Each structure stands twice: as C-alpha cells, then as structure tokens.
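S.K.: Make a model of this:
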Amino acid sequence: MELAWLTLCWEPLNVCVTNILLCLAVYQSLVIQTRVKTVGFVNKVMEPTSVSVAWDFLEKTAQQPSVTDQLGPTPGGTISCQVNVPCHFPVYTAGSHKGTYPQVTPGPTSPDISVILNTTVADNSTGLPGFTYLTPVTTVSGVPGHKQLCVNIGNQQFYPFQAQFVSPTPPDGTILPCTDSIMGCHFLVYSEPGNASRDCPLVATATPGVLVFSNSPGLRGDQCINEVLVMPQVAPKLICLQAGAGETRCLNVPEVNTSGSALCHNAFCNMPNGACLADPSLGTTQCVCNNHFSLPSCAPDSVDQHPKYPTAIDQLGPTPGGTINCKVNIPCHFPVYTAADDNGTYPQVTPGPTSPDINVILNTTVADNSTGLPGFTYLTPVTTTSAVPGHKQLCVNIGNQQAVADSACFHIIFRDNVLPSPISPASGITTSGKDKFMPPTPPDGTTLPCSDSTNGCHFLVYSEPGNATIDCPQVAALTPGVVVFSNSPGQGGDQCINEVLVMPQVAPQQVCLQAGVGESRCFKIPVVNSSAAVDQHPANPSVTDQLGPTPGGTISCQVNIPCDFPVYTAGSHSGTYPQVTPGPTSPDISVILNATVADNSTGLPGFTYLTPVTTVSGVPGHKQLCVNIGNQQAVTDSACFHIVFNNYTTTSTFPLPNTSAAPGQASDFGKFVSPTPPHGSTLPCADSNSGCHFLVYSEPGNASGDCPQVAALTPGVLVFSNSPGIGRDQCINEVLVMPQVAPQLICLQAGSVQSKSMPKWWHLSTKQWGVSVFLSSRLLWIKLLNRNFPNVTEGPTSPGINVVLDPTEADNSTRLPGFTYLTPVTTTSEVPGHKQLCVNIGNSQGVTDSACFHIIFTDNQTTVSPSSSSPSAIPAHSSSKEKFVSPTPPGGTTLPCSDPVQGCHFLVYSESGNASGDCPQVTALTPGVVVFSICSGQGRGQCINEVMVTPQATPHLICLQAG
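M.R.: Numbering: from 1, shown residues only. As a prediction, this is how the structure comes out:
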C-alpha cells in the first residue's frame, strides 16, 4: 500500500503553527497521539501504540475566528493517506459569537495535491465552551510522499451567503467515467450566488484541458448552470471546480469498466467447485475455489498447475460455453481448438465431466496452421451422439503427459430428428451429389459466442465438393457484414477450409452460409461482453445483471454486525423457483441464504426472483462470497461478490450525506432496511445504453406512517415512485442510474421533513398481461390479449383484514385498446395501520401475474390527508351533495404514473346529490389535469369520468371536485 504523509498547518492571522503532531491511520484502527501543555507534559494515550510529541501553547482571542486546539487533529498534525484515494479529516475552529461562521479558505499547499473544503457547520456536540465549528476537509494526491496543506481562517462571515454549488451538482469526490475518447465528456454543475451579488458566480477550473461554458439561467429559482467539457486527452484526471470565490468541488473522471458478469463470460473456474470473481474496476477476474480445489482454475488439489500448460483458446469458435445443436441418434461433429506451449508437443485432449446419456469420440489431435493465429494451434474434432433428446453438457480436459491444465465445456442440445431445424431457413441435410459442409464444421444452429466487439470474431468451416466437380465449393455468406476468406486446401483429405469473419457491427446476429449450390448452415453469434436484451425465459436459472448488486460488486459491511444484500435471479418459467445455494466463500465469514421469493416489483420482463443474503464476520478485511444458482438437475450459474468488513472504530470513507442517522439507525423521517445494499456498496453497471437499475427498501420513521420519499442526491439518477412491499411493511423504490452517469458515487435519502410529492420520474415498462400501474387499492383493471375472462383470486395479504373480490366483468368504459376487465375490490379492517393486499391474476392454466397494494387503515374519527404536508385535508361530503363513490380511489391514494410521454389516465366514479339526478360536473383543481366528458355507468347508476394527468403535470398532488 502506498501512503502519502500529509503535514497540516493552519494560518490564523497568517501565523503557521507546525509543532503539533497528530497521526490518523485512516485504514487501520484509529490512533490519536496528543500532548496538552499545562505544566510540563501530559500524555493522553488513546491507543496503546501512541507516541508522545510535544507542542507549544498557542494563545487565541475570542474576538477573531481561530483554530481550536482542544480537538484533534490540531495544527502540525500528520495525516496518513492513500495515494489516489480521497482522504478526509476535520478542522475545528472557534468563532466569536453564535451564528457568525468562520471563513475557512485554502492556504499555501503543496502543488501536487488537491484540496476540498466542505461546508463549515456549527458543531455543538464537542462539549467545548463557546462556539465551535467544523469544516470537513478532503484531499487527494496521485504522488506518494510528504505534503503540506494549510488553510486560512479569516474574518467572520456568514457562510451560507457565499457562492456555492447546489443540487443536483455531483457531490465532492464523485466519479464520472468518460466513455468518449474522441469528443470528450460533458457534465453539468449547478450553483447559486452569495449575498453580495445576484449574478451567477463565475465557475472556474485550474485543471488543463477542461472547458467551462458560460452561465445559463437555472430552471429552478436562483440556480445557475454551467456545462463542463473534459477533453479526451485529459481523462482520467481529478477535475476541480470553484464557484466564484466560494465552494470548491473535485470530481474524478476515470475510464469505463465492464460488468462482472461480462468479465466472467470467458472465465473457467470449474463450476460448481469454483466460481468467477470479477473486479470491474480493474477489468480482471479470478477464481474462488472450494476446499480441496486450487487456483488458478479451481482444479483438484492433486493437479499440479503450470503456467505453460496447453489451454483452450477463444479466438476460434465454438468457444467454451458455446451451444451445439445436434440431432438424436445422428453423429454430431464440432471442433475444439487448443493452443500449446512452444516446444512443439501436441496437447492431450481427453474426456472431461459429461452428461451420462451421451457418447463422445475425440478424434486425433492435429496441428492446424490454417487458422492464421500466432503460435501453435491444434484441432481436435469431436463427435458426439445421444439417443435421448434434451440439454446436455460435454467437457474436455486439455493438458500434457504430466497434468490437466485447462478444460472446455459446451452446451449440447439434442433434438428429435423428425423435427426441422429451428434456426436454419434451409435444411442442413443434402444429397451426396451436392456440395456440403463436413466435420468438424459446427452443426447447423450452433451458438458461437463472440467476445471481441472491436475486431469481430472468426471461425472455420470445412466443406467438400459434390459429384459434379473436384474443386473446393465456393462458400458464400447469406448475411451482410460476414466475410468468407478464400479457400485453402484441407489437411489430409478432400475437404476445403474457409475462414469466416463476423464483423463487430453484425454480432449478435444469425449468420448463414452456403457451400456452393448445396448445403446451408446457420449459426447464432451473440456478443458476450456487453449487456444484451433480457431473456424473459432462460433455459436455466441464472443471475441477472439488470438489478444490482451485480456479480463482482463490492458490499461494505461492519464487523460482527449482520450484513444484508439481495441476489436477483432470472428463472426459466413461472412457478419454478431457482435453487440458490452456498458457493465458494472465504473461511472466516458466515452466510445465511434466506428463502427465495418471486419478486414482481422489479419491473423486469420474465420471472425474477429475490434471495436475501445475510453474512457476518468477526474478522475485518476483504472477503469473497459466492452463491451457486441452478435447479434440481444441476448448477447453471454462479455469482460472486467482494465483501469488505470494516471496523468502524475509524471514520467511514462513505459519510452519510445530509442526515444525522447512521446507516441502519432509526430516524424520525425514514430509513433504508434489508435487503437494500449496505451503505458504501459498489454496484457495477455494464449497460452503457440503457443505464442500470437496483432496488432500495425503506420503512417510515417515527413521525409518519407513510412510505418515505426516497430522493437522489446525485444528478442523472432517477428514483421511481414507491410500490408496496410484498408481505411486509417495507416500501420499495426502483433506482435508475442513467448511462452517462455510471459509475459514480450515488447518494440516496429516505424521506425528508418537507416531502410533498411523488417522485418525478417513472419506470417505462410494458406487460402483455398484467395490472395497469395507475390503479388504486379499491379497484383493479386488467389488460388481456384475448377475450377470455381472467381469474382474479386473493393473494398474500396482511392478517387482520377482510377482502371481498366482486365478480370480474368486461369494462369498455376505459377507452383502452384490447379487452379490459374490472374487478371491484372491497376491504375492511378493525385494526388501523399499514397493510398489504395482493391479488393473483391468471387463467385456467395457472397464475400469470399478481398485483399488490399498500393499504393504510386510519381511525375513522380522523380526516384522511393525502400527505402529511398537503395544504388541507380532503373535505368530506355529506350524503346530500355530489360525491365520489366506489370504486373511485380513496382520498390520499398514490397512483404511480409510468408514461412520461403520453401521461397517465384513471377513472373516477360519482353520483348526484338528492336535489338532482344529473351526473355532477367533475373538475380538476390542479393545472395540467384534463377531465373528459361524463359517460353513463355500465348498469350501476354511477357516473364515470376519465382523468388524464399530462406529462408536464406529474409528479403532482392531483385534486378533483365533484360538482
């Protein structure tokens, strides 16, 4: 570990005091060394390893702001920091009277360090007499060695009126990765002027290659906006900006990394005896092994590993992990390419672990110089047959006479040979009189994963001429963007070899080739190192990358305190839960895998499942935790995480923003609860097109029973509206990190004192069968693909409430396309409080969807208010006046809107008063809300209005009046 030693000096009245020593070991247990001079020397030792150092007494006056020596680190102290890691420490000052903040500004400092002086705040927790103030200081340097850092403490000034950056400017220390090496990268900063001027402050930077464009008026109040361009030759670099003569913030602009799952696609770790642990920050992977299996590839301990042993190669397909399509009872051929050491010795390719109901023949390994690859490449043709259709696994071991050094595994799908190929547009079976492909060309329908998105991917095809000619057939590509290189003679026969290049802009795609005028074969070429579309029905359970923490992420935990985080998996079909079991894990941590539950709150297509994980350790340090994911037949995937157990006797490197509650500690305004990723967790993001999602779970604080409003303190981060938890009193928010933001330090806050509205952004998701997202807990509209009535039944529901589901009926009053149905729901409870109500939706075959609602039962002697901060309670109506009736959503209901383009619709039902039989005129009391004309109810005597909330109106408190 490289350490930089930083000597600090304060300059009250331009006097630099450097004869006080204080040491803080920020990455180990806290060691404070202090001597106070009263008469002689007095040692106050806070750790047994402390060393005494003397300092002289500095006289201060209460008439001017000055540094205080009662709290450490005191002037002259020494701070131990880590190179390229933000280093935090406090500066305590004494002010002259309450409310007058000292002005703490940068002083003389070493040239190769950056300094951030955060906002000065009053600190009455010190127990010192008088008025004490705290200025958090952050410093970072890329150069190891001893540095000096000084701050000036000047005349009294009321700090809040100094020019400063405001939300949503990225916080100090934020990481803004730059992905554009040609044009550079942009981000915005928001500022506001001090009390001396109404003009926008001049935002400036001392970092070369960084341009700050002229101020433009902010969209909210007195804020001003600047666009910052980091030129491509600058990144990565620490970028520091200053608002006028006030606040300074520094942001890090590194290069982008890929996700843990993408990195692990081509890593072989002998699963389930090993698993792949990725480090997205470095772009590296390593294997984590069970006991009795050894690195680097988790081979059994008896295998002597050697770095120059033969290995499988990824340059030619099919690569390890590829899928081969075969037919039952017909020999199926494909090649295995290997690279050997430089002594000319042929690798030994032998059978490895394989499904029991297939036969494998490994033909003679031959040198193959037709590939164009550097070094020594060898080809082993493989022939396999099976009489049993289905998914199989076939592995081969690769080594030499001394040991097995590598292995390659393939997915083999045997299909009944009476069925046509599901891939190829032309049959792969040809007559003997025509040109055809020959073994070891991959079979028709084979999946050949491509891991090179820059140069494209190569594979070889083998062919032979038909009866009409002795020349090699002309192999042609039927797919644009695919290049077939000229024929070359085969090795020892009449076969001919062509090299096929799939250009990077083509993959993933179905690639089809034709041999002369004869046989055609098609192959799937997926890209394996970038995010792909979500597979709604994976063949086997697998970890999902759409929700964090994703594999390779870092979870920050506390020693001896249970640490909870979620593992999200994608299942193969409804009702079949994945089996999540412990995988290779560090020996000094305990792991509890809680019950896996279906989680339809994620908004992801397909079937998503949640497994809450709890881990604890009494030993601080970096650990590895892996879980295996599969079904009753086999382990089909794994996920590994970095777990950092911290001993929080030292200051956390992730201070909580704008809150006095510690992580996990109760507050008056709400808190995050399990399985929210712990404070300080690293959630790698691999989707540069759509951004990345993760879920946070919260519960209300002491002051309110409502779900807290979760707000993002980081720009480019969207928090979607609350949805009720299933079977518990938690509230769930989905967080989207926009692609131009990630990776970055993302800060969220659960609740605030003045929370007045729903979140501003919504999740855009579509369901072919499901519950519309804008409905209340009193009624249910269902959108179906056909005319069959759905089965709506009661699902998991809180105890103590009664639920009545009225008959489902067709409802053509909604104006929605297709077939819409209405199920009125009535619920009662004698016990006030927060409840959950779920209904299952399906057909005669089973349950296909569910909908859950958060029901708040209040005492009927009190008035229901839509929020704790709404201007007034919704007025009650007497029976003699026009009123809203069931199934109109109750007053105060939250109706999340998921369409930011078209807006959202809902229906309200009303009835006239005693004096009139006409439908009441329903009007909107909120701008941007349109109430469509009244139509008569369907046989209920009620009146129905359709309400549209336009996009520019939401989020908003929507008020309507009947009559």
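S.K.: Quick check: buried residues in the strand or helix carrying Pro582?
M.R.: If you go by DSSP states H and E, Pro582 is part of strand 579-585. By neighbour count on 16 or more other Cβ atoms under 10 Å, the buried set for strand 579-585 is 579-580, 583-585. (Glycine included, C-beta is placed from N, CA and C.)
S.K.: What segments of the protein are helices?
M.R.: 260-264 (DSSP state H).
S.K.: any weak-confidence spans in the stretch 851-963 of the chain?
M.R.: Applying pLDDT under 70 to the stretch 851-963 of the chain picks out residues 854, 859-881, 898-903, 913-917, 932-942, 950-956.
S.K.: neighbouring contacts of the strand holding Pro582?
M.R.: Identification of contacts with strand 579-585 by Cβ atoms under 8 Å, 6 or more residues apart in numbering yields 272-275, 288-290, 298, 541, 567, 569, 591, 593, 596, 611, 623-632, 635, 638, 640.
S.K.: quick one: strands adjacent to it?
M.R.: strand 621-630 (antiparallel) (DSSP bridges).
S.K.: Mind checking the pLDDT average for the strand it pairs with?
M.R.: Strand 621-630 carries an average pLDDT of 86.
S.K.: Return the set of buried residues in that strand.
M.R.: Buried residues in strand 621-630 (16+ other Cβ under 10 Å): 623-630.
S.K.: Can you add distance to Gln348 and give those residues back as CSV?
M.R.: Converted to CSV, the buried residues of strand 621-630 look like this (distance: Cβ to Cβ, whole Å):
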residue, distance to Gln348
Lys623, 37
Gln624, 32
Leu625, 36
Cys626, 30
Val627, 34
Asn628, 30
Ile629, 33
Gly630, 30
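S.K.: Phi and psi next, for Cys472.
M.R.: phi -60, psi 140 (degrees, to the nearest 10).
S.K.: ok, it touching Ala515?
M.R.: No - at 9.3 Å, Cys472 and Ala515 do not qualify as touching, with contact defined as Cβ atoms under 8 Å.
S.K.: Quickly list what's touching both of those two.
M.R.: Common neighbours of Cys472 and Ala515 (criterion: Cβ under 8 Å, 6+ apart): Ser463.
S.K.: Comparing these two, which shows the higher neighbour count?
M.R.: Ala515 (28 against 22; other Cβ atoms under 10 Å).
S.K.: How about that one: which residues does it bridge to?
M.R.: Val475.
S.K.: thought it was touching Ser463?
M.R.: Yes - look at Ala515 against Ser463 with Cβ under 8 Å: they come within range, at 4.5 Å.
S.K.: what touches both of the two?
M.R.: Shared contacts of Ala515 and Ser463, defined by Cβ under 8 Å, 6+ apart, comprise 435-437, 473, 475.
S.K.: Just the buried ones from those residues?
M.R.: Those of the shared contacts of Ala515 and Ser463 that meet the buried threshold are 435-437, 473, 475, by 16+ other Cβ under 10 Å.
S.K.: from the buried residues of strand 621-630, which is closest to Leu117?
M.R.: Lys623 (35.8 Å; Cβ to Cβ).
S.K.: partners of that closest one in the sheet?
M.R.: Ile643.
S.K.: any idea how far it is from Val559?
M.R.: Using Cβ to Cβ, to the nearest Å, Lys623 is found at 11 Å from Val559.
S.K.: cool, and Thr365?
M.R.: Applying Cβ to Cβ, the value for Thr365 to Val559 is 52 Å.
S.K.: Fine, thanks again, bye for now.
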